[in-house]
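Q: Need the 3D shape of this:
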Amino acid sequence: AQVLRLMYGTRGAPDGWQEEYSTMLISLGVDQGESCPNVFWHEAKDICCSVHGDDFTSPGSCPALDWLEKEIAEHYEITIQPRMGPGANDAREGRSLNSVVRWLDGRIEYEADPRQSERLISECGLDGSKGVATPGVKPTFTELEADTELATKPHTAFRGPAARGNYLAAGRIDAQFACKEVCRWMSRHTGHAWQALKRVCRFFRSAPRLVYTYPQQTVQGIDVYTDTDWARCSKTSKSTSGGSLMLGCHTIKHRSSTQTSVALSSGEAEFPGVILGAGQGLGHQALLKDLGIGPLC
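A: From the prediction side, this is the model:
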């Protein structure tokens, strides 16, 4: 049999959908991004659009947004979310990919989906547990050597919450490192892995919400900060690279990742972190250019 249409869930569906909406937007005179094909910018109307799956997010003036909504509605069945802004008829709060965005006087607030932390705590059976001030634990080499692998049965019970914590960490800079450490035990979780996951849940009990505040500012460039914890892991001696990307005083992106190889010196551990940070800075510089913002050095 031959499939004549790309059905939802098939391998070719994402590529087919991207080609579909890209062709539609380009026909409207919108320029597709060079660094990111999911970003579009209409120079004449000064409106940009980012696409994530079937979610279209567009900042711009009211006439430009009215025009874009009308054009998209002629091609697809759409649901229009509340339009946020300073106007009397504009909404002050909305959701983007289940994250909460608030428009306030002089600033914008961003908060990761607060329901995810509640579900994570519930999945681990820690409702009503006592909260802790820090999300991570640092076992000694002796403790890791004595650690044993758990039975096969609770694998799914561990992997689901661990994956949820990793998803939540994208919007929780305070718990990103701890959630990353938990995910390292996905394929072979142990008693220590369970304790680390429960520690993260108890931290979310004490700090269930984290709100990013973005006041109005003038930005001259992109700042990237990197650091590496040499041989942090007591068992594998692998290092952890971390960093953040800033636009002025605004944190735009943060990361924490375990290096793939063992570094023999602190300089050897720092070098991959610096390279990764420089690459992210150049990538976001190109992304801002695709959005019609720039040049930023």
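Q: what's the burial count for the closest residue to Ser237 other than its chain neighbours?
A: Counting by C-beta to C-beta, 6 or more residues apart in numbering, Ala231 is the residue found nearest to Ser237 once chain neighbours are left out, at 4.6 Å. No exception for glycine: its C-beta is placed from N, CA and C like everyone else's. Neighbour count for Ala231, taken as other C-beta atoms under 10 Å: 18.
Q: now Ile72
A: 19.
Q: can you give me the strands in the stretch 101-250 of the chain?
A: Taking DSSP state E, counting those that start in this stretch as the test, the strands found in the stretch 101-250 of the chain are 107-111, 211-215, 222-229, 240-247, 250-258.
Q: can these go into CSV with extra columns for mean pLDDT, distance to Trp185 and mean neighbour count?
A: As requested, the strands of the stretch 101-250 of the chain are exported to CSV (pLDDT from 0 to 100; distance: least, C-beta to C-beta, whole Å; neighbours: other C-beta atoms under 10 Å):
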stretch, mean pLDDT, distance to Trp185, mean neighbour count
strand 107-111, 94, 28, 15
strand 211-215, 95, 29, 14
strand 222-229, 93, 18, 17
strand 240-247, 93, 15, 20
strand 250-258, 93, 12, 17
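Q: now those in CSV, with distance to Cys49?
A: Shown next, in CSV, are these (distance: least, C-beta to C-beta, whole Å):
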stretch, distance to Cys49
strand 107-111, 18
strand 211-215, 20
strand 222-229, 22
strand 240-247, 20
strand 250-258, 19
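Q: closest to Glu93 out of the ones you listed?
A: strand 107-111 (8.9 Å; C-beta to C-beta).
Q: Contacts only, for Thr240.
A: 177, 180, 228-229, 232-233, 256-259 (C-beta atoms under 8 Å, 6 or more residues apart in numbering).
Q: and which of those is nearest to Asp15?
A: Ser257 (27.4 Å).
Q: re the thing from before, and Pro295, which of the strands of the stretch 101-250 of the chain is closest to it?
A: Closest among the strands of the stretch 101-250 of the chain, using C-beta to C-beta: strand 222-229, at 10.4 Å.
Q: ok, the closest one: who's next to it in the sheet?
A: Its sheet considered, strand 222-229 pairs with strand 240-247 (antiparallel) by DSSP bridges.
Q: mind exporting the partner strand as PDB, just the C-alpha atoms?
A: Output of strand 240-247 as PDB, limited to C-alpha atoms (Å, rounded to 0.1, in the frame of the first residue of the first chain):
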ATOM      1  CA  THR A 240      29.800  19.200  34.100                       C
ATOM      2  CA  SER A 241      29.600  22.300  31.800                       C
ATOM      3  CA  GLY A 242      27.100  25.000  32.600                       C
ATOM      4  CA  GLY A 243      26.300  28.500  31.400                       C
ATOM      5  CA  SER A 244      23.700  31.100  30.700                       C
ATOM      6  CA  LEU A 245      23.000  33.500  27.800                       C
ATOM      7  CA  MET A 246      22.000  37.000  28.700                       C
ATOM      8  CA  LEU A 247      20.400  39.900  26.900                       C
END
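Q: How far off centre is it?
A: The chain centre lies 13 Å from the centre of strand 240-247; the measure is C-alpha atoms, centre = their mean, to the nearest Å.
Q: try stretch 149-161
A: On C-alpha atoms, centre = their mean, the centre of stretch 149-161 falls 25 Å from the chain's centre.
Q: Now tell me what touches it from outside.
A: Contacts of stretch 149-161 (C-beta under 8 Å, 6+ apart): 120, 123-124, 185-186, 188-191, 193-194, 197, 201.
Q: next one: stretch 45-55
A: Residues from elsewhere that reach stretch 45-55 (C-beta under 8 Å, 6+ apart): 17-18, 21, 25, 30, 38-42, 56-61, 63-65, 67-68, 96-97, 291-292.
Q: Among the residues you listed, name the buried ones.
A: 21, 25, 30, 39-42, 56, 58, 60, 64-65, 67-68, 291-292 (16 or more other C-beta atoms under 10 Å).
Q: Out of the residues you listed, flag the one nearest to Gly106.
A: Gly60 (20.6 Å).
Q: do you know how far the residue lying closest to that closest one once chain neighbours are set aside is from Leu288?
A: Leaving aside its sequence neighbours, Gly60 sits nearest to Ile47 (C-beta to C-beta, 6+ apart; 3.4 Å). Going from Ile47 to Leu288 by C-beta to C-beta, to the nearest Å gives 15 Å.
Q: now do Gln32
A: 15 Å.
Q: the more surrounded of these two?
A: Comparing Gln32 with Leu288 by other C-beta under 10 Å, the one with more neighbours is Leu288, at 19 against 15.
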